[in-house]
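Participant: Below is the sequence, then the predicted model.
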Amino acid sequence: MDQSLFTYDIIAEDPRTHARAGVLHTPHGDIGTPIFMPVGTRATVKGIPWETVRDLGAQIVLSNTYHLAMRPGADLIAELGGLHEFMNWHGPILTDSGGFQVFSHSDAVKLTNEGVRFIATDYDGSHVFWTPEDNMAIAQKLGSDICMQLDQCIGYPVERRDVERSTDLSSRWAERCYKAHTRPDQALFGIVQGGMHMDLRVKSLQRLEDMGDFPGYGIGGYSVGESHEVMFETLEPLAAEYMPRTKPRYLMGVGNPTTLVRGVACGIDMFDCVLPTRTGRMGTAFSSEGRLNFRNARFARDPRPVDEHCTCPVCTGGYTRAHIRHMVAQKEMLGGILLSMHNIYYLLDLMRRARQAIIEGRYKAFVRDWMDSPAAADY
């Protein structure tokens, strides 16, 4: 499979951490890393027009293969020109495999060596059977710039033997995905699994490297119930010591600000999470003061912007904490939309500043200053 349209250039490496700044080249544009990817699960970032998402600074967005396969269907999207045309976003797109969503059906899931059978309980209750080959066919019809292999992601805590079985299955499915994927203008990323076990993580990575030349790697199976400290025990050595230097590293499903800052120090290049928009719709915001909950009555008479140090359109546009608190309390949709916009910008700007600190060789100080600031209280 020719994946020469996808290359990754490292332009700077921090001398005191494992952080690096780079450029990922794709057919729909270049992506400066480290980067956060806003999530448009069903081909839309909830409540926010694509031109606004772009103006907030997004370089690449993510959509979900499972949800798009269920509605409106991969064939319909292909008929209408592919995902870029369908959703009116003409920059790079990453589609995850949908495996996490499939396995979240828990008791409705039946695993075999051939594939996974599940009941689409969140749609029409239909019985669906997916093989890795089916998953690749859907991804290629969608036509995203980057797609992910089908894998099994299990929670935490869990017995080691279950992690071993899951990791082995993901590796075997990765090989089948690699063989089935033939679209040269779409990159297929392998996914490193292994739970919190360092030896299983290394084995998973080695099997991926042995089976083919993946243009990048996802790191799955984190943020599934473990603490952040438990996650970093294996994430840091995995990324810094074992993962290929010349390939982008994508930490899947992680998106609170402090974890992004620490993840970049480990050598992670790409992040995604629904957190900024989900928490925005719930009435909370990231800020230089830490996480703010606008359901709290203390904001009822506060004339300040969400964050006085933020330059997003919400914070510079005249919206006050008092007004946003009122909208959140009255369940006015604009309140959640504005907080979602702010939160997306906040993470994109955080990665922009992290990138600049890496280029200037001062990322260790950047991390220290962040951890010493109130902003680090974002959990």
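Facilitator: Sure thing, it's come through.
Participant: CA only for contacts and neighbour counts going forward, please
Facilitator: Will do.
Participant: how much space between Arg291 and Gly91?
Facilitator: From Arg291 over to Gly91 the distance is 30 Å, taken as CA to CA, to the nearest Å.
Participant: same thing with Asp213?
Facilitator: In terms of CA to CA, Asp213 sits 24 Å off from Gly91.
Participant: pLDDT weak spots in the chain?
Facilitator: 1 (pLDDT under 70).
Participant: Of all residues in it, which one is nearest the centre?
Facilitator: For the chain, the residue sitting closest to the mean C-alpha position, by CA atoms, centre = their mean, is Asp272 at 1.8 Å.
Participant: does it really touch Met252, like I thought?
Facilitator: Yes. Applying CA atoms under 8 Å as the test, Asp272 and Met252 come out as touching, 6.0 Å apart.
Participant: More neighbours: Asp213 and Gly91, which one.
Facilitator: Per other CA atoms under 10 Å, whichever of Asp213 and Gly91 has more neighbours is Gly91, with 19 against 16.
Participant: In space, what's closest to the more buried one - neighbours in sequence excluded?
Facilitator: His28 (5.1 Å; CA to CA, 6 or more residues apart in numbering).
Participant: Give me the spatial nearest neighbour of the residue of the chain positioned farthest from its centre, chain neighbours excluded.
Facilitator: Most distant residue from the mean C-alpha position of the chain: Arg301, 35.9 Å away (CA atoms, centre = their mean). The shortest distance from Arg301 to any non-neighbouring residue, by CA to CA, 6+ apart, is to Ala322 (5.2 Å).
Participant: Distance-wise, check that neighbour relative to Arg201.
Facilitator: Distance, Ala322 to Arg201, using CA to CA: 48 Å.
Participant: what do you get for Pro34?
Facilitator: 22 Å.
Participant: So for those two, which sits in the more crowded spot?
Facilitator: Between Pro34 and Arg201, counted using other CA under 10 Å, the more crowded position is Pro34 (32 against 22).
Participant: For the closest residue to that one other than its chain neighbours, give its distance to Arg71.
Facilitator: Nearest residue to Pro34 in three dimensions, chain neighbours excluded: Asp269, at 4.3 Å (CA to CA, 6+ apart). Distance, Asp269 to Arg71, using CA to CA: 31 Å.
Participant: quick one, which of those two is more surrounded?
Facilitator: Under the criterion of other CA under 10 Å, the comparison of Asp269 against Arg71 puts Asp269 first, with 28 against 13.
Participant: these two touch, right, that one and Met252?
Facilitator: No. Under the criterion of CA under 8 Å, Asp269 is not in contact with Met252, lying 10.8 Å apart.
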